[in-house]
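K.L.:
Model the structure of this input:
(4 chains)
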There are 2 protein chains.
Amino acid sequence: MSERAQIRILSVDDHPLLREGIAAVINSQSDMQLVADAANAHDAILQFRKNRPDVTLMDLRLPDMSGVDTTIAIRREFPNARIILLTTFEGDVEIQRALEAGARGYLLKSTPPKELLEVIREVHAGKKRIPSQIAAQLAEHLSDEDLTTREVEVLRQIAEGNRNRDIGEKLFITEETVKVHVKHIMEKLGASDRTQAVAIAIRRGIIHL
Amino acid sequence: MSERAQIRILSVDDHPLLREGIAAVINSQSDMQLVADAANAHDAILQFRKNRPDVTLMDLRLPDMSGVDTTIAIRREFPNARIILLTTFEGDVEIQRALEAGARGYLLKSTPPKELLEVIREVHAGKKRIPSQIAAQLAEHLSDEDLTTREVEVLRQIAEGNRNRDIGEKLFITEETVKVHVKHIMEKLGASDRTQAVAIAIRRGIIHL
DNA sequence: CTTTCCATAACGCTTTGGGGGTATGTGCGG
DNA sequence: CCGCACATACCCCCAAAGCGTTATGGAAAG
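P.N.:
The predicted structure follows:
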């Protein structure tokens, strides 16, 4: 047993059953070792500090903080941290944010264990790896303009069934300004009306319900 | 080892990592045994016929058919099948459909392994078990009127950004009739406009994107 | 020091949405 | 057989949404 070469792994996920599965798959490999796990962002950061894993597998949805923000927090402290995001499925916006946050990999939870192991090894070796399926989805909206902070705020209000006038009152701007934002939102998302804009934004992960 | 008393379990899920986790948890128990697993509905039905498990754990989302429909199919053939639906999280409509389909339990994938084992034992013993958290969510809309088939069709069209007039043309009815449907949809969902109706419908699992 | 982007605002105009009411045919369950 | 739910349709009316255009101040980027 060449202990020296083992890849030390931290698993962060709030689904205990999935953590069990990951643990089983990883511990079946002689060149890998699961050194710790965490069910939330807070614990993940503590475990990272304590164990300094070579590779971290991180769920995108955690009870206390998003996986993306947790990734940012860890990488601020440990810029060389190699983190792979693991998720059921999210819109392209989440993927983009994850990569901007410095994630080295992005995997679906439906990934076959074989591929998970491959990606862990590649990321440990310093590579980045995004499955083609996900890369394709990302590319689809690469040229799209992002919504601004304000536009997302307005969009959230729209999804809650607020009229332009009410949105204006809540955000302390005039109805006219709201209309301008709504127009830009529809243009950027390619929606024909506010309703479709909300549907598209939910699908792409721009807003959550 | 009292082999005689073992609960024979079939696991149906298209996430291999989660299947691994479930397998690990179940096989750690002396009174349970995982006898087969399947990654899709078709295989699930074949495995059920072949193995006649005491308890089946079934994901709600499968590549070829929904877990609810698979449950219906299996229970048509084996009315005594004891099936527990396992899901990440869905709207109350999915839960309701699952129970109507004859599921004996409904668990979230975030359930602690201990509870999973409890539920398996209870369902095997002939009980039904729905966690209080889920039961509460279900109860929240129990008194709500269901949308009719037509109303759901109209709602889907709305989510795609169609105007009432276009919806009418697609469904071969007048714009006036569409308006009536829209009004009923908003009333039943408690939405203030069509946009919020779509948001609520997505959250509750009435329509999917 | 411009140019660009963002947020803000206003005005006029047309289309669409949503509220109210009334009505008719069909099919299903008591 | 009667009632009820459903889908259909038409009416009026006004509020709201969406489209085009113009404009201004601030911040960031070049």
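
K.L.:
Show me the shaky parts of chain A.
P.N.:
A:1-4 (pLDDT under 70).

K.L.:
For it, just list every one of the helices.
P.N.:
Ranges of helices within chain A are A:16-27, A:41-51, A:67-77, A:92-100, A:113-124, A:132-140, A:149-159, A:164-171, A:175-189, A:194-204, based on DSSP state H.

K.L.:
Could you export those helices as CSV, including distance to DNA strand C and mean neighbour count?
P.N.:
In this view, the C-beta of every residue, glycine as well, is placed from N, C-alpha and C. Shown next, in CSV, are the helices of chain A (distance: least, C-beta to the nearest atom of the strand, whole Å; neighbours: other C-beta atoms under 10 Å in any protein chain shown):
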stretch, distance to DNA strand C, mean neighbour count
helix A:16-27, 37, 22
helix A:41-51, 27, 17
helix A:67-77, 21, 19
helix A:92-100, 15, 19
helix A:113-124, 32, 18
helix A:132-140, 20, 13
helix A:149-159, 3, 20
helix A:164-171, 6, 17
helix A:175-189, 3, 17
helix A:194-204, 8, 23
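
K.L.:
Format those helices as a markdown table; extra columns: distance to DNA strand D.
P.N.:
As requested, these are exported to a markdown table (distance: least, C-beta to the nearest atom of the strand, whole Å):
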| stretch | distance to DNA strand D |
| --- | --- |
| helix A:16-27 | 39 |
| helix A:41-51 | 28 |
| helix A:67-77 | 18 |
| helix A:92-100 | 15 |
| helix A:113-124 | 30 |
| helix A:132-140 | 23 |
| helix A:149-159 | 8 |
| helix A:164-171 | 3 |
| helix A:175-189 | 5 |
| helix A:194-204 | 4 |
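
K.L.:
could those helices go into TSV alongside distance to B:T88?
P.N.:
What follows is those, written out as TSV (distance: least, C-beta to C-beta, whole Å):
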stretch	distance to B:T88
helix A:16-27	10
helix A:41-51	18
helix A:67-77	15
helix A:92-100	15
helix A:113-124	18
helix A:132-140	18
helix A:149-159	21
helix A:164-171	32
helix A:175-189	26
helix A:194-204	16
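
K.L.:
Out of those helices, the one nearest B:T71 is which?
P.N.:
Across the helices of chain A, B:T71 has its closest neighbour in helix A:16-27 (19.9 Å, C-beta to C-beta).

K.L.:
Mind giving me the packing neighbours of that closest one?
P.N.:
strand A:7-12, strand A:32-38, helix A:113-124, helix B:16-27, helix B:113-124 (3 or more C-beta pairs under 8 Å, 6 or more residues apart in numbering or on different chains; DSSP states H and E).

K.L.:
Show me how far that helix is from its chain's centre.
P.N.:
20 Å (C-alpha atoms, centre = their mean, to the nearest Å).

K.L.:
What are the contacting residues of that helix?
P.N.:
A:9, A:11, A:13, A:32-34, A:37, A:39, A:57, A:59, A:109, A:113, A:116-117, A:120, B:15-25, B:109-113, B:116 (C-beta atoms under 8 Å, 6 or more residues apart in numbering or on different chains).

K.L.:
quick one, that helix and helix B:113-124 angle?
P.N.:
110 degrees (axes from the mean of the first three to the mean of the last three C-alpha atoms, to 10 degrees).

K.L.:
Now do the closest residue to A:R203 other than its chain neighbours against A:K188, distance only.
P.N.:
Nearest residue to A:R203, sequence neighbours excluded (C-beta to C-beta, 6 or more residues apart in numbering or on different chains): B:L209, at 4.4 Å. Distance of B:L209 to A:K188, given as C-beta to C-beta, to the nearest Å: 18 Å.

K.L.:
the domain parsing of chain A - what is it?
P.N.:
A:3-140, A:149-204 (automatic domain parsing).

K.L.:
Relative to B:G102, which of these is closest?
P.N.:
The nearest among these, by C-beta to C-beta, is domain A:3-140 at 23.6 Å.

K.L.:
distance between the closest one and the chain's centre?
P.N.:
That offset, for domain A:3-140, works out to 10 Å (C-alpha atoms, centre = their mean).

K.L.:
What of stretch A:127-141?
P.N.:
On C-alpha atoms, centre = their mean, the centre of stretch A:127-141 falls 13 Å from the chain's centre.

K.L.:
Quick check: phi and psi on A:S192?
P.N.:
Main-chain dihedrals, A:S192, degrees, to the nearest 10: phi -90, psi -20.

K.L.:
Please apply the same query to A:T88.
P.N.:
Its backbone dihedrals place A:T88 at phi -70, psi -60, with angles given as degrees, to the nearest 10.
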